[in-house]
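**Student:** Predicted model and sequence below, questions to follow.
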Amino acid sequence: MAREFQRAYCTLLAIAARQSAQSETDVLRAVARRSATINRYDRITGDSIDFIAARLIRKHKQLGAQQLYRVIDGFVHRQDLRPPAAAREPSSRESEPPKIRQTVDGLLAVVGLYREGL
């Protein structure tokens, strides 16, 4: 079954290369780049979002509405899986107050812990 899938995938890459007038190697590189972005280590799963929601509920009084919004916004931007937007500029992250950065980093750590989940 795995061999069949591999053959079909290679055939699909060959067709994509012909259709786009590129080499199979170039098409494979593009696919690998996109996959590396989309399948990042800190990509959210259903299990991790449950734990993150619980953590945010516990922290909401410590953060306040504006800070909570900034935490959620920062987290969502890190989950944007479109290749051009996947890597936020470090300067925008560094301008966040330490409490916001630490909270977002903590949420991303939870995602990492549950990355093999559903």
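**Tutor:** Structure's in. What do you need? Please read these numbers as outputs of a predicted model, since none were measured by experiment. Numbering: from 1, shown residues only.

**Student:** Not counting its own residues, what contacts the host helix or strand of residue 101?
**Tutor:** Element membership for residue 101, per DSSP states H and E: helix 98-113. Residues from elsewhere that reach helix 98-113, judged by Cβ atoms under 8 Å, 6 or more residues apart in numbering: 41-45, 48, 51-52, 55-56, 59, 63, 67, 70-71, 74-75, 78, 93-94, 96. C-beta here means a position set from N, CA and C on the backbone, and glycine is covered the same way.

**Student:** hmm, try it at 10 Å
**Tutor:** Outside helix 98-113, the residues that touch it by Cβ atoms under 10 Å, 6 or more residues apart in numbering are 40-45, 47-56, 59, 62-63, 66-79, 93-97, 117.

**Student:** in that helix, what counts as buried?
**Tutor:** Burial within helix 98-113, assessed by neighbour count using 16 or more other Cβ atoms under 10 Å, is assigned to 100-101, 103-104, 107-108, 110-111.

**Student:** same thing with stretch 16-33?
**Tutor:** Buried residues in stretch 16-33, counted by 16+ other Cβ under 10 Å: 17, 27-28.

**Student:** Send me that stretch as PDB with only the CA atoms.
**Tutor:** Once non-C-alpha atoms are left out, stretch 16-33 reads as follows in PDB (Å, rounded to 0.1, in the frame of the first residue of the first chain):
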ATOM      1  CA  ALA A  16       2.600  18.900 -11.900                       C
ATOM      2  CA  ALA A  17       6.100  19.500 -13.300                       C
ATOM      3  CA  ARG A  18       4.900  19.100 -16.900                       C
ATOM      4  CA  GLN A  19       1.900  21.300 -16.300                       C
ATOM      5  CA  SER A  20       4.100  24.100 -14.800                       C
ATOM      6  CA  ALA A  21       7.000  23.700 -17.100                       C
ATOM      7  CA  GLN A  22       9.400  23.000 -14.200                       C
ATOM      8  CA  SER A  23      11.600  20.100 -13.300                       C
ATOM      9  CA  GLU A  24      10.400  17.500 -11.000                       C
ATOM     10  CA  THR A  25      13.100  18.500  -8.500                       C
ATOM     11  CA  ASP A  26      11.900  22.100  -8.500                       C
ATOM     12  CA  VAL A  27       8.300  21.000  -7.900                       C
ATOM     13  CA  LEU A  28       9.400  18.600  -5.100                       C
ATOM     14  CA  ARG A  29      11.500  21.400  -3.500                       C
ATOM     15  CA  ALA A  30       8.400  23.700  -3.600                       C
ATOM     16  CA  VAL A  31       6.200  21.000  -2.100                       C
ATOM     17  CA  ALA A  32       8.800  20.300   0.700                       C
ATOM     18  CA  ARG A  33       9.100  24.100   1.500                       C
END
